[in-house]
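Novice: Generate a structure from the sequence data that follows.
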Amino acid sequence: MLPEKLRGALKTVEKPGRYIGGEKGEVIKDKKGKIRYCISFPDVYEIGMSNLGIRILYGVLNSLEDVWCERCFAPWDDMAALMKSKGVPLYALESGDPLKAFDFVSFSIQYELSYTNVLYMLDLAGIPFRAADRSESDPVVICGGPCVYNPEPFAEFFDVMSVGEGEEALPELMALYRDCREKGLSKKDFLYRAAAELEGFYVPSLYTPEYKPDGTLAAFVRADKNVPAKVIKRTVKDFDASYYPTSPVVPHIETVHDRVVLEANRGCWRGCRFCQAGVLFRPIRTRKAETLYRQAREAIANTGYSEISLCSLSISDYKELEKFCSLIFDWAKTEHINVSLPSMRLDSFSRELMERFPGLKRSLTFAPEAGTQALRDRIRKGVTEEDLEKSMEVAFSSGRNSVKLYFISGLPTETDEDVAGIARLAEKALDVFYRVRPKTKGGKPVSVNISVSCFIPKPHTPFQWDGQNSLEELLRKQELLRGEIKTRKIDYSWHDARASRIEAVLARGDRRVARAIEAAYRAGQIFDGWDEHFSIERWEKAFEDSGVSPDFYANRDIPLDELLPWDFIDVGVSRAFLEKEHELSRK
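Specialist: Numbering: from 1, shown residues only. The predicted model follows:
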C-alpha cells in the first residue's frame, strides 16, 4: 500500500511498480496482536523478488497465525529523494507502515557489495545503524543469507543473525519472541535467550574479539558459558517435505527471474575448492520428481507464469532429472509451458538433454572456470578439454550458434599460461563449430562469449587462506587475456577488478571493517553492485579515514594456524578437511 503522501507523485520516478504493493499473492492480515516482521532486501525490487529464499521465508512466516510478514526493497536513488522530500520514511509494501513500526526488520544479505545498502535502508527508515545505539522501542534488526557465514564485518549493525537455512529456524525464533513478550521480558533478555537456547542464532553483542599487536585475531570471548562457543548452522533435514511457495507474490513488473523456480537439489557433491556455496549448503539433499511435478503444476496455476526453471548448484547431477522429464513434458507441451535449466556442467551435458529441454537451444552456458587442465585440477573442477569438445559438438550440431563460457581469473597458483589458456579454450570451441558445421552461405555467424570474474577468497573454503591478486595484477591479467583473443567471434567480458577488490576485503574482514563500511556509506556509497554507483575512490578513502588496511584483508596469504574471524561458525565441514584440501591444491 502506497503511503498517502506519495500518491500522485510516483510519475517522477523510474519504475513506480517497484513501490506500490498490491500484487497478486501478497498477504494482508489484521495487524492487531501480530508479531510484525518485515523482510528487507538490500537491492532493487526486480532482484529481490527473484530471490527464491525471500519467497520461501515470506510464505513460512505468514503461515504462522500470529505473525504478519511484509516486504521492503531498496528504493532507487530517485525514489529515496522523493521520499525525503515528502517526509516519508522507508515503508513495507503490504501495509505502507514505516519499518520502525515493526517488531523485526530483517535483511537477506546475498553478496558483499550490498553492505552499504543495509545502512542506506536503515537510514531511510530512521533506525540507528548500530545495535548498541538502538532503544527498546526500535525493531530487532536481524539478517541471514550466505554472507552471514562471516558475519563480523557487519556484526555491529545487527541485533541477531540467522546462520543457515531459515525455514525451521525463524518460526522457532518467533515462538521465543512471543514467549518473551508475554512474560514482559526486555529485548536484551530475548536476544540472550535466542543465543543460549536456539541453534543457529548469533548475537554479536555477546561476543568480543581480541587482537594481537600485529592486527591478527587473538581470541573470541563469549559473554558467559551459556553462550555457545560455536554457532552451528541450521540445516533443513527433510528437504523433500520442506516448505515451497506454490502461491508466491506475482510482481507487477518484469523481474530478473520472471518465472516459476523449482529447487531440485540443495547442495553439491563436486567440491570445487573455490566454491563457497558447495560447502555452505551441505549435505546434499534432493526433492523427489513427483514433488517437483506437483509444485510446478500448483505454482503455474496460482501465478499464470508460462515458464519453469529448475534451480540447483549442479542441475545435471539431479538424479531424478529423467523421471521429472517424463512426468512434466506432456503436460508442459499441452499447456504451452517452457521448462529450462540453469548453466550446465561440461561433463554431464548430452544430446538427450538438448532434446528434452528446448530452452537450452536458446541459451547454453558452461563454466570451465580455468584455462588449463593443470589449474582445473588444482581447483578440483573435475572437467577436461575432452568434456568441452563433446559438449560443443552436441550444442553446435544441434543448431546452436553461440555458447557462453564462465572463467575465474586470479585463482591461487594461476600463471600467465593459465590466463592465455582461456583464449585457447574459446578458440577450441570455435574449431569444433567449423568441424561439425561447415560454412554455408547465409548462415548465422558463430560466437563464443567468455565472461571472466576475479577470484575472491571466501570463508569456509580451501582457498580461504589465499590472498587475492593485487588490483594491479588483476588488471594486468585482464589486459593479457584481451591481447590473446585474435578474432571477433570471441566476445570477452570481465568483472570490474576494482569491485572485486572491495568484495575480497569485505569477505575476509573482521569486526573492525564496520568502520569502513559506515564511512563509505556516509561518503555517499550505495548500490555498489551497480556500475553507475560504484566508486573505488570513495572506498579507498573510507579505508584510509577509518584506519582499515584493505591489503591486510584482501591480499594477505593467511597462515594456516591463524585464528580466523569466522572460525566460530560451524558449517558442518571441519577446518582440518579444508586445510587438507588447501594442501592438495598445491600438488
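
Novice: any low-confidence regions in this protein?
Specialist: 343-363, 439-443 (pLDDT under 70).

Novice: Show me the longest helix that occurs in it.
Specialist: Longest helix of the chain, by residue count under DSSP state H: helix 416-436.

Novice: Buried residues, that helix. List them.
Specialist: 418-423, 425-430, 432-433 (16 or more other CB atoms under 10 Å). Where C-beta positions appear, they are placed from N, C-alpha and C, glycine not excepted.

Novice: cool, stretch 546-564 as well?
Specialist: Ser546, Val548, Pro550, Phe552, Tyr553, Ala554, Asn555, Arg556, Ile558, Leu564.

Novice: Walking through the stretch 151-300 of the chain, point out its helices one by one.
Specialist: 166-182, 187-197, 277-280, 289-303 (DSSP state H, counting those that start in this stretch).

Novice: Redo those helices as a markdown table? Include mean neighbour count and distance to Ile127.
Specialist: A markdown table is the format used below for the helices of the stretch 151-300 of the chain (neighbours: other CB atoms under 10 Å; distance: least, CB to CB, whole Å):
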| stretch | mean neighbour count | distance to Ile127 |
| --- | --- | --- |
| helix 166-182 | 18 | 18 |
| helix 187-197 | 18 | 13 |
| helix 277-280 | 21 | 28 |
| helix 289-303 | 18 | 33 |
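
Novice: quick one, what contacts the most centrally placed residue in the chain?
Specialist: In the chain, the centroid-proximal residue (CA atoms, centre = their mean) is Gln110; its distance is 3.4 Å. For Gln110, the contact set (CB atoms under 8 Å, 6 or more residues apart in numbering) comprises Asn51, Gly145, Pro146, Cys147.

Novice: In JSON lines: those residues, plus neighbour count and distance to Arg482.
Specialist: Formatted as JSON lines, the contacts of Gln110 follow (neighbours: other CB atoms under 10 Å; distance: CB to CB, whole Å):
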{"residue": "Asn51", "neighbour count": "20", "distance to Arg482": "34"}
{"residue": "Gly145", "neighbour count": "22", "distance to Arg482": "34"}
{"residue": "Pro146", "neighbour count": "18", "distance to Arg482": "31"}
{"residue": "Cys147", "neighbour count": "23", "distance to Arg482": "32"}
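
Novice: Show me which pair in the residues you listed is furthest apart.
Specialist: Asn51 and Cys147 (13.5 Å; CB to CB).

Novice: Run a quick check on Ala223 versus Leu191, I expect a contact.
Specialist: No: in this structure Ala223 lies outside contact range of Leu191 using CB atoms under 8 Å: 10.6 Å.

Novice: Give the residues shared as contacts by those two.
Specialist: Common neighbours of Ala223 and Leu191 (CB under 8 Å, 6+ apart) are Leu206.

Novice: Pull the contacting residues for Gly96.
Specialist: Contacts of Gly96 (CB under 8 Å, 6+ apart): Met1, Leu2, Pro3, Gly21.

Novice: Now render the residues you listed as CSV, adding distance to Ile450 and neighbour count.
Specialist: Listed next are the contacts of Gly96 as CSV, based on distance: CB to CB, whole Å; neighbours: other CB atoms under 10 Å:
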residue, distance to Ile450, neighbour count
Met1, 46, 16
Leu2, 44, 18
Pro3, 47, 17
Gly21, 41, 20
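
Novice: Pick the one among those closest to Glu156.
Specialist: When those are compared against Glu156 (criterion: CB to CB), the nearest one is Pro3, at 30.4 Å.

Novice: Would you confirm that the closest one contacts Val88?
Specialist: Yes: counting by CB under 8 Å, Pro3 touches Val88, with 5.2 Å between them.

Novice: one step back: of the contacts of Gln110, which belong to strands?
Specialist: Among these, no member falls in strands (DSSP state E).

Novice: now the helices: where do they sit in the stretch 301-450 of the chain?
Specialist: 321-334, 351-356, 373-378, 385-397, 416-436.

Novice: Compare the ones you listed and give me the one nearest Tyr58.
Specialist: helix 321-334 (25.5 Å).

Novice: what distance separates the closest one from the centre of its chain?
Specialist: 29 Å (CA atoms, centre = their mean, to the nearest Å).

Novice: Then stretch 257-273?
Specialist: Using CA atoms, centre = their mean, the offset of stretch 257-273 from its chain centre is 12 Å.

Novice: okay, it in PDB with CA atoms only?
Specialist: C-alpha atoms of stretch 257-273 as PDB (Å, rounded to 0.1, in the frame of the first residue of the first chain):
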ATOM      1  CA  HIS A 257      13.800 -14.400 -12.900                       C
ATOM      2  CA  ASP A 258      10.200 -13.800 -14.100                       C
ATOM      3  CA  ARG A 259       9.100 -17.500 -13.900                       C
ATOM      4  CA  VAL A 260       8.400 -20.300 -11.500                       C
ATOM      5  CA  VAL A 261      11.600 -21.600  -9.900                       C
ATOM      6  CA  LEU A 262      11.800 -25.100  -8.700                       C
ATOM      7  CA  GLU A 263      14.500 -26.100  -6.300                       C
ATOM      8  CA  ALA A 264      15.500 -29.700  -7.300                       C
ATOM      9  CA  ASN A 265      18.700 -30.100  -5.200                       C
ATOM     10  CA  ARG A 266      20.200 -28.200  -2.300                       C
ATOM     11  CA  GLY A 267      23.900 -28.700  -2.000                       C
ATOM     12  CA  CYS A 268      26.600 -30.000  -4.400                       C
ATOM     13  CA  TRP A 269      28.900 -33.000  -4.200                       C
ATOM     14  CA  ARG A 270      31.500 -31.700  -6.600                       C
ATOM     15  CA  GLY A 271      33.700 -30.000  -4.100                       C
ATOM     16  CA  CYS A 272      35.300 -27.200  -6.200                       C
ATOM     17  CA  ARG A 273      37.900 -25.600  -3.900                       C
END
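
Novice: Show me which positions of it end up buried.
Specialist: Buried residues in stretch 257-273 (16+ other CB under 10 Å): 259-268, 270, 272-273.

Novice: List the contacts of the residue lying closest to Tyr244 once chain neighbours are set aside.
Specialist: Nearest residue to Tyr244, sequence neighbours excluded (CB to CB, 6 or more residues apart in numbering): Gln295, at 5.2 Å. By CB under 8 Å, 6+ apart, the contact set of Gln295 is Tyr244, Thr246, Leu262.

Novice: Same check on Leu430?
Specialist: Val446, Val448, Thr487, Lys489, Ile490.

Novice: these two touch, right, the last one and Val446?
Specialist: Spelled out, it's Ile490. No: if you go by CB under 8 Å, Ile490 and Val446 don't touch, sitting 9.8 Å apart.

Novice: coming back round to it: so the residue nearest to the centre of the chain: helix, strand or coil?
Specialist: When classified by DSSP: H, G, I helix; E, B strand; the rest coil, Gln110 comes out as coil.

Novice: helices or strands next to the helix or strand where Phe552 lies in the packing?
Specialist: With secondary structure defined by DSSP states H and E, Phe552 is part of helix 550-554. Counting contacts by 3 or more CB pairs under 8 Å, 6 or more residues apart in numbering; DSSP states H and E, helix 550-554 is packed against helix 497-507.
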